[in-house]
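# pasting the structure only:
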């Protein structure tokens, strides 16, 4: 499972994982579920400049979602591994993850 706020790089890493892992893996994103929610239920807040920039560039995200989720999605979660998508390309993150799951 890849966990992170909106526009944090999960989809890019997932596509790269599909390319570097020897077995086929399916990718299903929570974005589809969020887009199915009424607009009034979609949280909007400001903050977190890297993800917020990706959010704006993509053009298919609710403005402010990256900022509102940046810390919230990590509360109460213990990770086997963490990667820093602000300074590491998706393919490099995927290779590091793949090395741990093989």
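Done, it's in. As the structure is a prediction and not an experimental result, all values here were calculated from the model.
# Contacts only, for residue 74.
Going by Cβ atoms under 8 Å, 6 or more residues apart in numbering, residue 74 touches residue 3. To be clear about C-beta, it is placed using only N, CA and C from the backbone, and glycine gets the same treatment.
# what's the answer for residue 29, then?
Residue 29 touches 10, 11, 14, counting by Cβ under 8 Å, 6+ apart.
# any idea how far residue 27 is from residue 92?
Taking Cβ to Cβ, to the nearest Å as the measure, residue 92 falls 18 Å from residue 27.
# and residue 22, how many neighbours?
7 (other Cβ atoms under 10 Å).
# which residue sits closest to it in space, ignoring its chain neighbours?
Nearest residue to residue 22, sequence neighbours excluded (Cβ to Cβ, 6 or more residues apart in numbering): residue 102, at 7.9 Å.
# Ok, residue 96 next?
Closest to residue 96 by Cβ to Cβ, 6+ apart is residue 83, at 6.1 Å.
# what's that neighbour in contact with, if anything?
13, 93, 96, 97 are the contacts of residue 83 under Cβ under 8 Å, 6+ apart.
# Tell me the pLDDT of it.
We note a pLDDT of 94 for residue 83 in this prediction.
# out of the contacts of residue 29, who has the most neighbours?
residue 10 (21 neighbours).
# I figured that residue was touching residue 4, is that so?
Yes - between residue 10 and residue 4 there is a contact under Cβ atoms under 8 Å: 5.2 Å.
# Could you measure from residue 26 over to residue 84?
Counting by Cβ to Cβ, the gap from residue 26 to residue 84 is 25 Å.
# More neighbours: these two, which one.
The residue with more neighbours, out of residue 26 and residue 84, is residue 84; 9 against 6, by other Cβ under 10 Å.
# So the more buried one, which state does it fall into?
Taken by DSSP: H, G, I helix; E, B strand; the rest coil, the conformation at residue 84 corresponds to coil.
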